[in-house]
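>>> what follows is a predicted protein model with its sequence.
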Amino acid sequence: MTSTTPPDVRPDPPESSDERSLLALGYRQELHRSLGRYASFAAGFSFISVLTTVFQFFAFGYAFGGPVFFWTWPAVLIGQLLVAACFAELAARYPISGAIYQWSSRLSNPTFGWFAGWIMVIGQIVVVAAAALALQMVMPAIWSGFQLVGGDPAPTSATGAANAAVLGVILLALTTLVNVLDNRVLSVINRVGVTAEIIGAVLIIVLLLTHSERSPGITFHAAEGSTGLFGALLVGSFTAAYVMIGFDSAGEMSEETRHPRRTAPRTILAALGAAGLLGGLIVLAGLLAAPSLTDGHLAVDGLSYVLTSSLGDGMGRVLLADVVVAIAVATLAIQTAACRMLFSMSRDGRLPFARQLSKVNPRTGMPNAPAVVVGVLAAALLLLNFASPEAFLAIGTTCIVMLYLAYAMVTGPLLVSRMRGSFTSDGTNGTDETGRPLFSLGSWGVPVNALALLYGLVMTVNLAWPRAEVYDPAGGHWYFQWFTVLFLLVTVGIGVLYRLVRAQRGRAAAESAQALPEPAP
């Protein structure tokens, strides 16, 4: 009888080589190992979700940089490819869930690694909220009935911001449900969603290029009235920086991937490369096809305006519907990555309520508690949108900074390890599951790693810099101007407090044990 199980979701037999490899790293197989190469690629690509992020932040990038902001795209792509190359080496050597936490801990020490994981998981939760907010950029443009709150759909307006929160909470309820069902269901949704997103992205590029109104030379023009080109480009780079994060998710899903030492490094690079290429072409095509660069629509309505204006309401709305699918799948994938990070840290007993958060449903192979925690916390962040429209940008920028900093907490220790000669690119025996050499940068390791760390630190400072004209354009909300810095300080502060309390309890328990009387002979 022929099996009807799709090739990407057929589980390995018991005691497979992948399970033995995981056991050698200190963990037994609990998550269901059912993801193939395309599903692994989909995990990284759907987190990046080029349609979600480009449509969400195109207007912002254009408002500050004008057409020239396009050139921030290849600059950020090159920087992130350097980081991804380092991560590919680590994914081959340590194919474990909770990638950032695991990699940083093994390269530095458990305390530093814990903070890398803590910052990463909080950042991922913020990214989930930011991705869910992207629905507001698309759904009201498809049908005005999706504007459930007020009349102005612009995310920078009070009613637009509130409606974004409502739509986002509805989406989070659905993604949380999927994240507790079964990883085979999750894999199918990811693969179908990514395929639809890639097809939609290619169609958008081709159709917009056939409706070009101007030549590519327009990309050398700055925003009208711009006085500081360099500063405008630094802010304009937020769009590309927001898009090209999350490629490490292919490594995050390593314990559910077949032959992860070979598969994950290649899918990390493939996901970022594909998203970077498609995203850059979408930005360029949008600039060329926009009916006007000066009527103000691009800086407010972004690419949704270009699609419906250039391609007509019918085709434009069909393509926007595909963007809605991409947003939903992206939110799902990001939530899944955050769940795996919570699971990995809790499995090591390094988070509050670790026992509950590390429990895996044996039937579905899914850690249910982390999915609920991530969904609830992300929904709580969305409520900030009711306070002020500036929360939309504050949430989006904060999540980028958190992830960039967590990435640097991996590339930094990795560089130190290389310089000391204690890092090698081989794993247990220098080969992957197929007997071929593990992915390695070889002699390029030190220069690539150094540039990756430098790029990450510079971009972290750039993104977190409290620019009033960016974070508090209306004035009077100092807490939004400093939101990213304050959020990061609070995150680190809570982490320090938790570890101090935990250490104190550990000392008290040890002292209590020592005070117990010796048992009678």
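Arrived safely, thanks for sending.
>>> neighbours of residue 469, how many?
Using other CB atoms under 10 Å, residue 469 has 11 neighbouring residues. C-beta here means a position set from N, CA and C on the backbone, and glycine is covered the same way.
>>> pretty sure it is in a helix, no?
Yes. Using DSSP: H, G, I helix; E, B strand; the rest coil, the assignment for residue 469 is a helix.
>>> just checking, residue 285 touches residue 202?
No. Look at residue 285 against residue 202 with CB atoms under 8 Å: they stay out of range, at 10.7 Å.
>>> more neighbours: the two, which one.
Neighbour comparison, residue 285 and residue 202: the larger count goes to residue 285, with 22 against 13 (by other CB under 10 Å).
>>> for the stretch 151-300 of the chain, which spans come out with low pLDDT?
Scanning the stretch 151-300 of the chain with the threshold set as pLDDT under 70 gives 223-228.
>>> now the helices: where do they sit in it?
Shown for the stretch 151-300 of the chain, the helices assigned by DSSP state H, counting those that start in this stretch span residues 158-178, 183-209, 229-243, 249-252, 260-289.
>>> deepest of those helices, which one?
For the helices of the stretch 151-300 of the chain, the largest average neighbour count (mean count of other CB atoms under 10 Å) is found in helix 249-252, namely a mean of 32.
>>> quick one: distance of it to the chain centre.
10 Å (CA atoms, centre = their mean, to the nearest Å).
>>> identify the residue nearest the geometric centre of the chain.
Nearest to the mean C-alpha position of the chain, by CA atoms, centre = their mean, lies residue 246 at 3.2 Å.
>>> you'd agree that one is up against residue 48?
Yes. In this structure, residue 246 is within contact of residue 48 by CB under 8 Å, at 5.2 Å.
>>> residues in contact with the residue nearest to the centre of the chain?
44, 47, 48, 127, 333, 334, 337, 403 (CB atoms under 8 Å, 6 or more residues apart in numbering).
>>> quick one: it from residue 306, how far?
25 Å (CB to CB, to the nearest Å).
>>> and stretch 107-123, which residues are buried?
Buried positions in stretch 107-123, judged by neighbour count with 16 or more other CB atoms under 10 Å: 107-108, 113-123.
>>> please apply the same query to stretch 469-483.
470, 471, 472, 473, 477, 480, 481, 482, 483.
>>> go on, stretch 209-229?
Buried, per 16+ other CB under 10 Å, within stretch 209-229: 211, 212, 218, 219, 222, 223.
>>> find the nearest non-adjacent residue to the third one, please.
In this structure, residue 218 finds its nearest non-sequential neighbour in residue 67, 4.8 Å apart by CB to CB, 6 or more residues apart in numbering.
>>> wait, isn't residue 339 in contact with residue 372?
No. The criterion here is CB under 8 Å, and residue 339 misses it with residue 372 at 9.3 Å.
>>> the two - which one has more neighbours?
Neighbour totals were compared for residue 339 and residue 372, and residue 339 leads with 29 against 15 (other CB under 10 Å).
>>> ok now do the more buried one, which residues does it touch?
179, 367, 370, 371, 374.
>>> which one of the contacts of residue 246 is nearest to residue 439?
Nearest to residue 439, judged by CB to CB, of these is residue 44 at 14.8 Å.
>>> next one, pLDDT for that closest one please.
pLDDT, residue 44: 91.
>>> so it is in which element?
Secondary structure from DSSP states H and E places residue 44 in helix 37-48.
>>> residue 56 is nearest to which of the helices of the stretch 151-300 of the chain?
helix 229-243 (7.5 Å).
>>> please name every helix or strand in contact with the closest one.
Using 3 or more CB pairs under 8 Å, 6 or more residues apart in numbering; DSSP states H and E as the contact definition, the elements that helix 229-243 packs against are helix 50-65, helix 72-93, helix 260-289, helix 390-420, helix 445-464.
>>> among those, which is the most enclosed?
Most buried among these, counting by mean count of other CB under 10 Å: helix 50-65, with a mean of 27.
>>> secondary structure class for residue 27?
Under three-state DSSP, residue 27 comes out as coil.
>>> I figured it hits residue 98, correct?
No. Assessed by CB under 8 Å, residue 27 is found out of contact with residue 98, at 10.2 Å.
>>> these two: who's more crowded?
residue 98 (29 against 17).
>>> related to what we said a few turns ago, for the helices of the stretch 151-300 of the chain, give me JSON lines that also has distance to residue 463.
Formatted as JSON lines, the helices of the stretch 151-300 of the chain follow (distance: least, CB to CB, whole Å):
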{"stretch": "helix 158-178", "distance to residue 463": "21"}
{"stretch": "helix 183-209", "distance to residue 463": "25"}
{"stretch": "helix 229-243", "distance to residue 463": "6"}
{"stretch": "helix 249-252", "distance to residue 463": "20"}
{"stretch": "helix 260-289", "distance to residue 463": "18"}
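>>> nearest to residue 77, of these?
The nearest among the helices of the stretch 151-300 of the chain, by CB to CB, is helix 260-289 at 4.0 Å.
>>> and the closest one with helix 229-243, angle?
130 degrees (axes from the mean of the first three to the mean of the last three CA atoms, to 10 degrees).
>>> from the chain's centre, how far out does helix 260-289 sit?
Averaging C-alpha positions (CA atoms, centre = their mean) puts helix 260-289 14 Å from its chain's average.
>>> stretch 194-213 too?
Computed by CA atoms, centre = their mean, the chain-centroid distance of stretch 194-213 equals 23 Å.
>>> any weak-confidence spans in this structure?
Looking at the chain by pLDDT under 70, you get 1-15, 223-228, 392, 424-429, 515-521.
>>> you'd agree residue 219 is up against residue 71?
Yes. Taking CB under 8 Å as the definition, residue 219 is a contact partner of residue 71 at 6.6 Å.
>>> about what we covered before: ok, of the buried residues of stretch 209-229, which one's closest to residue 136?
residue 223 (23.7 Å).
>>> for the closest residue to residue 72 other than its chain neighbours, which residues are in contact?
Using CB to CB, 6+ apart and skipping the chain neighbours, the partner closest in space to residue 72 is residue 237 (3.9 Å). Applying CB under 8 Å, 6+ apart to residue 237 gives the contacts 61, 69, 72, 75, 76, 459, 462.
>>> residue 512: which of those is nearest?
The nearest member of these to residue 512, counting by CB to CB, is residue 459 at 47.7 Å.
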